[in-house]
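Engineer: The sequence and its predicted three-dimensional model are supplied below.
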Amino acid sequence: MATKAKTKKAAAKRIPPRKKKGLTKRDVLKKCKELSNWGKWGKNDQLGVLNYITQKDIVEASKLIKRGKVFRLGLNLDENGPQNGLFGGRWNPLHHMMATGTDAVQGIQEPLVGMRYADDFINLPTQCASQWDALAHVFVEDKMWNGYPAKLVDARGAHKNGIEHFADKMVGRGVLLDVARYKKKARLADGYGITVNDLERTAKAQGVEVRRGDFVIVNTGQMADCLDRGDWGGYGGGDAPGLAFETVDWIHEKEIAGICSDTWGIEVRPNETVDGTNQPWHWVTIPCIGIVHGEIWYLRELVEDCAKDGVYEFFLCAPPLVITRGTGSPINPQAIK
């Protein structure tokens with residue numbers, strides 16, 4: 001018996017441990033190279049896949065306005081936002097007053113400036129609420145979009161791929177893919193990876209086609225759930241439903257112009273990597289494919305209206321603030337049906 005036990009123990013030592021399935025940094029870098037659009041629009045390009053949108057596309061998108069109904073897709077800019085320090089030290093907007101009605105009625109202002117008024121300012125990270133990522137936001141190793149050196153983003157900001165290049169570009173056809181509703185859930189579970197199959201079946205069920213140059217907006221229900229509960233929990237960098245890594249191929253193939261979501265970072269968390277590589281989907285989408293991200297979008301009213309009238313396409317207008325050399329910008333996108 002002792003001999004058999006020793007034999008089994010020795011055999012166990014010889015059997016290599018089963019590897020955990022998942023992506024490695026090597027896998028991610030391979031996909032970056034495979035789907036790279038660097039040079040597609042010339043060596044000086046700073047727009048990426050926004051180049052897919054033509055003037056004709058914008059005219060056609062404007063024809064989607066039938067009722068004149070406008071839906072705001074921006075989250076409130078206030079201290080009640082989702083940032084709680086889980087990622088990068090971001091904080092919620094801080095709103096400060098420089099001049100108030102109290103100052104006015106006390107007679108402080110008029111002797112100084114000849115009028116009574118209120119004035120204020122805000123202090124916020126550019127990506128703390130509903131926002132666009134610029135193409136300078138994420139690097140793949142030591143490069144950013146179109147092969148520009150990462151060192152071109154320095155203490156003065158992004159000298160290439162800054163958000164200001166999008167100032168007159170973020171308009172066109174918007175398409176909502178309400179994956180949560182398709183899956184018959186109010187909210188997809190944290191860690192649920194939305195597959196290409198989910199996206200395709202959702203579009204088919206909604207009777208909408210995703211086309212070249214579209215801004216695709218994915219609803220997971222996560223933000224609405226947090227707002228209903230009055231608790232952001234791990235929203236700002238923790239576990240979340242989101243796009244699975246495989247969807248980078250779909251995004252590249254469809255030639256869409258923007259990808260947006262009601263979540264903090266669009267892709268599924270925990271990530272599908274096994275070696276600590278963080279946000280692998282971002283590595284491919286922003287610096288290699290050249291697609292901008294619309295993150296932390298407020299979708300409640302739009303989702304309800306689309307479910308009611310069965311129309312999941314609309315005119316989208318979502319310009320960023322013109323922040324010179326910015327790596328992102330807060331926004332209040334408008335979906336118009």
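Structural biologist: Noted; the coordinates are in hand. Bear in mind that the values here come from a model prediction, so they are computed numbers and not experimental data. Numbers count the residues shown, from 1 in each chain.
Engineer: List the buried residues of stretch 276-296.
Structural biologist: If you call a residue buried by 16 or more other C-beta atoms under 10 Å, then stretch 276-296 has these buried ones: 277, 279-296. Every residue, glycine included, has its C-beta placed from N, CA and C.
Engineer: H293 sits in which helix or strand?
Structural biologist: strand 292-295 (DSSP states H and E).
Engineer: which outside residues touch that strand?
Structural biologist: 48-50, 127, 130-135, 137, 166, 215, 217, 257-261, 263-266, 282, 285-286, 318, 331, 333 (C-beta atoms under 8 Å, 6 or more residues apart in numbering).
Engineer: let's see it at 7 Å
Structural biologist: 48, 131-133, 135, 166, 258-261, 264-266, 285-286, 318, 333 (C-beta atoms under 7 Å, 6 or more residues apart in numbering).
Engineer: Correct me if wrong: L73 contacts E301.
Structural biologist: No. At 8.8 Å, L73 does not count as touching E301 under the criterion of C-beta atoms under 7 Å.
Engineer: what about those two, which has more around it?
Structural biologist: L73 (24 against 14; other C-beta atoms under 10 Å).
Engineer: Excluding chain neighbours, what is closest to that one?
Structural biologist: P333 (4.0 Å; C-beta to C-beta, 6 or more residues apart in numbering).
Engineer: Next up, phi/psi of the one you found, please.
Structural biologist: phi -60, psi 150 (degrees, to the nearest 10).
Engineer: that's a helix at N51, yeah?
Structural biologist: Yes. Assessed by DSSP: H, G, I helix; E, B strand; the rest coil, N51 belongs to a helix.
Engineer: Pull the number of nearby residues for it.
Structural biologist: Neighbours of N51 (other C-beta under 10 Å): 17.
Engineer: does it really touch G42, like I thought?
Structural biologist: No. With contact defined as C-beta under 7 Å, N51 does not count as touching G42 (9.5 Å).
Engineer: what is in contact with the two at once?
Structural biologist: With C-beta under 7 Å, 6+ apart, N51 and G42 have no common neighbours.
Engineer: quick one, longest strand in the protein?
Structural biologist: Using DSSP state E to define each element, the chain has its longest strand at strand 171-178.
Engineer: May I have the helix or strand just after that one exported as CSV, CA atoms only?
Structural biologist: Helices and strands here follow DSSP H and E; after strand 171-178, the next one along the chain is helix 179-182. C-alpha atoms of helix 179-182 as CSV (Å, rounded to 0.1, in the frame of the first residue of the first chain):
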residue,chain,number,x,y,z
VAL,A,179,-28.3,43.9,-24.8
ALA,A,180,-29.8,43.9,-21.3
ARG,A,181,-33.4,43.9,-22.6
TYR,A,182,-32.5,41.4,-25.3
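Engineer: Just list what helix 179-182 packs against, helices and strands only.
Structural biologist: helix 196-206, strand 215-219 (3 or more C-beta pairs under 7 Å, 6 or more residues apart in numbering; DSSP states H and E).
Engineer: could you give the angle of the longest one to strand 171-178?
Structural biologist: Counting by axes from the mean of the first three to the mean of the last three C-alpha atoms, to 10 degrees, helix 196-206 lies at 100 degrees to strand 171-178.
Engineer: repeat for the last one
Structural biologist: Relative orientation of strand 215-219 versus strand 171-178 (the same axes, to 10 degrees): 20 degrees.
Engineer: Phi, psi for I289 please.
Structural biologist: The phi/psi pair for I289 (degrees, to the nearest 10) is phi -70, psi -40.
Engineer: With G48 instead?
Structural biologist: According to degrees, to the nearest 10, G48 has phi 60, psi -140.
Engineer: Does it touch W145 like I think?
Structural biologist: Yes. Contact status for G48 versus W145: in contact at 5.7 Å, counting by C-beta under 7 Å.
Engineer: Which parts of this structure are helices?
Structural biologist: Taking DSSP state H, the helices of the chain run over residues 2-14, 25-34, 55-62, 101-105, 110-113, 179-182, 196-206, 222-229, 247-254, 280-284, 300-309.
Engineer: would you turn those into CSV with mean pLDDT and distance to G238?
Structural biologist: As requested, those are arranged in CSV below (pLDDT from 0 to 100; distance: least, C-beta to C-beta, whole Å):
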stretch, mean pLDDT, distance to G238
helix 2-14, 44, 37
helix 25-34, 98, 21
helix 55-62, 98, 35
helix 101-105, 91, 40
helix 110-113, 89, 47
helix 179-182, 98, 18
helix 196-206, 98, 22
helix 222-229, 98, 11
helix 247-254, 98, 21
helix 280-284, 98, 16
helix 300-309, 98, 21
